[in-house]
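J.: Pasting the sequence and the predicted coordinates here, then a few questions.
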Amino acid sequence: MSVDVVGRLIKIPYILVLGMGGTISGISENSDNPLQYQAGKVSVKNLLKNAGVDSVCGCKVFSKQVANVDSQNLTAEHLTELGKLVIQGLEDPLLKGLVITHGTDTIEEVGIFLHLICGNKANKVGKRIVLTGAMLPSNALLSDGPKNLADALKWVSSEFDDYPGGVYGVFAGKVCLGMDLSKRHATDLDAPLQAAHCSPIDNLTPAWLSLVRFVLLTLETDLPIPESDAWPWVEILTSYAGARPESLQLLLKSGMQGLVIAGTGLGGFHSAWLPGVLMATKKGIAIVRCSRTGAGLVSRDIPEKEMDGMVASGNLSAPKARIGLQLALNAVHQAKVEMVPTTWQAIFANTSFRNHSPIIVR
C-alpha cells in the first residue's frame, strides 16, 4: 500500500496523469474555425472521463491537476511543482508510470527539464514519464487530443522488458524521447515531432530503440530542481540582420546570470554584439551559443573559436539550452553550498548534450 501525490491510499499498481493545461484542454466557441479557442478550460479528470478511461492494462488511472494554463504562460513555479511531483511519483513502488498533458507551445522546455532532473532515475527504476498534448482543442471535430492521450497511456503501461524507462513524448501515433520534443510548425498535428528522432508507436523501429537505449544509458546523473524563487535569470537573444549593440547592452544592465544567443546558421552572431559579449564574459555571465534555425548541431569553435565563458549548445534549441543553462547554474550553486568543486560549463556539457545520429526516423 502507498499514498499517491494527492493523498489517496493505493493498494494496486496505478498510472498517474498530471494535467498542465494547453490545447488538449482547450475549448473552441467557433465550430468553423477551431483554431480560435481558449486553452486550459477542461480538467484532466474530465479529459479522462470523456475518453472513457479509468484503467489501462490492469492499472487504475488516477489524475491530478497541477495547472490548467495556456502553455505560453508556463512559469518557473510550474516547472518546480511538476518536477517535484514527478520525482515523488517515481519513488512510489506501486506507480507504473506518469502521463503529463501539456500545451505544445512550451513542451520542449518541459521535455528537456524532466530529462535532466529525473531521466536517469526513471531509467533506473524502469518507469516512463510521457508528455502529450494536442494541436486542436478538445471539442474540435477532428481533435487529436483523445488519440494522443490514448497512445500515451498505451506507451506508459506497456511492458518494460524491451523498452527502457525515461522521459518520452507521444504525438500523432509516434513516440520520441522527451528531450527531442520541439514544436516546429504552427498547425501540423505532428508539429512537436518534426525535428525529433521518432518511431511509430505500434511498430517500433529497431534503430530508434537502439538510439533511445544509448541516450538513456549515457545519462549519468540527474540535476537538482531549483526552488520556485531560485531559478537563475537566463535570457535568450536572437541574432539578425542589422542587429544593434544597444539590445545586448541593455541586457548587461539587467542583472541576468546567463545568456543564450540564438545565432544564425551554425551559431554565429552579429559582430556588433562582440564587445558586449566580451563584457558579459568578463562580468561572469554564462553564455551559450546555439542556432536560431531550431535544429541541427552547433559545435565547439565553429564557425569561430569560442571565447572563455562561452560554450556551444550541441543539438539543443535556444529554449532547451536556456533550461539546461538554468539547471547547470543552479547545480553549481548547490555544489558550492556543499563545497564540491565544479563549473557550469562542465555540468552543461556532461548532462545536456547527447548528440544523435543525423538520421531522423519518421
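T.: Yep, it's here.
J.: only C-alpha atoms for contact and neighbour calcs from this point on.
T.: Fine.
J.: Where do the domain boundaries of the protein fall?
T.: Annotated domains of the chain cover 2-217, 234-352 [automatic domain parsing].
J.: Determine which stretch of those domains is the most buried.
T.: For those, average neighbour numbers computed from mean count of other Cα atoms under 10 Å are highest in domain 2-217, which has a mean of 20.
J.: In JSON lines: the domains of the chain, plus mean pLDDT and distance to Glu227.
T.: Putting the domains of the chain into JSON lines (pLDDT from 0 to 100; distance: least, Cα to Cα, whole Å) gives the following:
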{"stretch": "domain 2-217", "mean pLDDT": "91", "distance to Glu227": "6"}
{"stretch": "domain 234-352", "mean pLDDT": "92", "distance to Glu227": "9"}
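J.: any idea whether the residue nearest to Arg244 when sequence neighbours are not counted is helix, strand or coil?
T.: Ranked by Cα to Cα, 6 or more residues apart in numbering and with sequence neighbours excluded, the top spatial neighbour of Arg244 is Ala272, at 6.4 Å. For Ala272, the assignment made with DSSP: H, G, I helix; E, B strand; the rest coil gives helix.
J.: and the domains of the chain as CSV, adding distance to Ser228?
T.: Listed next are the domains of the chain as CSV, based on distance: least, Cα to Cα, whole Å:
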stretch, distance to Ser228
domain 2-217, 5
domain 234-352, 12
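J.: next structured bit after whatever helix or strand Ser247 lives in?
T.: In this assignment (DSSP states H and E), Ser247 forms part of helix 245-252. The C-terminal neighbour of helix 245-252 among helices and strands, as given by DSSP H and E, is strand 258-263.
J.: Output that following strand as CSV - backbone C-alpha positions only.
T.: Output of strand 258-263 as CSV, limited to C-alpha atoms (Å, rounded to 0.1, in the frame of the first residue of the first chain):
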residue,chain,number,x,y,z
GLY,A,258,23.2,33.7,-18.2
LEU,A,259,22.5,34.4,-21.8
VAL,A,260,21.6,32.1,-24.7
ILE,A,261,22.5,33.6,-28.1
ALA,A,262,20.3,32.1,-30.9
GLY,A,263,22.8,32.7,-33.7
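J.: Just want the angle from that strand to helix 245-252.
T.: Calculated by axes from the mean of the first three to the mean of the last three Cα atoms, to 10 degrees, strand 258-263 forms an angle of 160 degrees with helix 245-252.
J.: elements contacting strand 258-263?
T.: Packing partners of strand 258-263 (3 or more Cα pairs under 8 Å, 6 or more residues apart in numbering; DSSP states H and E): strand 234-238, strand 286-291, helix 318-337.
J.: Partner strands of the lengthiest strand in the chain and their direction?
T.: Determined from DSSP state E, the single longest strand within the chain is strand 59-69. Applying DSSP bridges, strand 59-69 is found paired with strand 14-21 (parallel), strand 55-56 (antiparallel).
J.: Surely Val56 and Ser157 touch.
T.: Yes: between Val56 and Ser157 there is a contact under Cα atoms under 8 Å: 6.9 Å.
J.: Could you tell me which residues touch both of those two?
T.: The overlap between the contact sets of Val56 and Ser157 (Cα atoms under 8 Å, 6 or more residues apart in numbering) is empty.
J.: Next up, the contacts around the closest residue in space to Leu82 that isn't next to it in sequence.
T.: Distances taken as Cα to Cα, 6+ apart place Val66 nearest to Leu82, at 7.0 Å, with adjacent residues excluded. By Cα under 8 Å, 6+ apart, the contact set of Val66 is 18-20, 78, 81-82.
J.: same thing with Val42?
T.: Applying Cα under 8 Å, 6+ apart, we find Val42 in contact with 21, 25-27, 68, 138.
J.: And the furthest pair within these?
T.: The most widely separated members of the contacts of Val42, counting by Cα to Cα, are Asn68 and Ser138 (13.6 Å).
J.: got any residues that touch both of the two?
T.: 25, 42.
J.: what about the spatially most central residue of the chain, helix or strand, and which?
T.: The residue lying closest to the centre of the chain (Cα atoms, centre = their mean) is Gly111, at 1.7 Å. Per DSSP H and E: Gly111 is located in helix 107-125.
J.: Run through the neighbouring helices and strands of the helix or strand following that helix.
T.: Downstream of helix 107-125, the first helix or strand assigned by DSSP H and E is strand 128-132. Using 3+ Cα pairs under 8 Å, 6+ apart, the elements in contact with strand 128-132 are strand 95-101, helix 107-125, helix 145-157, strand 166-171.
J.: of all those, which lies closest to Ser317?
T.: Across those, closest to Ser317 is helix 107-125 (Cα to Cα), at 9.0 Å.
J.: Quick one: work out the angle between the helix holding Gly111 and strand 166-171.
T.: Counting by the same axes, to 10 degrees, helix 107-125 lies at 140 degrees to strand 166-171.
J.: rewinding a little: can you tell me which of the helices and strands packed on strand 258-263 is nearest to Ser210?
T.: Closest approach to Ser210 among these (Cα to Cα): helix 318-337, 23.4 Å.
J.: Report all helices and strands that the closest one contacts.
T.: Helices and strands touching helix 318-337, as assessed by 3+ Cα pairs under 8 Å, 6+ apart, comprise helix 107-125, strand 234-238, strand 258-263, strand 286-291, helix 344-352.
J.: Adding distance to Pro226, write these out as a markdown table.
T.: As requested, the helices and strands packed on helix 318-337 are exported to a markdown table (distance: least, Cα to Cα, whole Å):
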| stretch | distance to Pro226 |
| --- | --- |
| helix 107-125 | 10 |
| strand 234-238 | 13 |
| strand 258-263 | 15 |
| strand 286-291 | 17 |
| helix 344-352 | 15 |
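J.: Sweet, I'm off.
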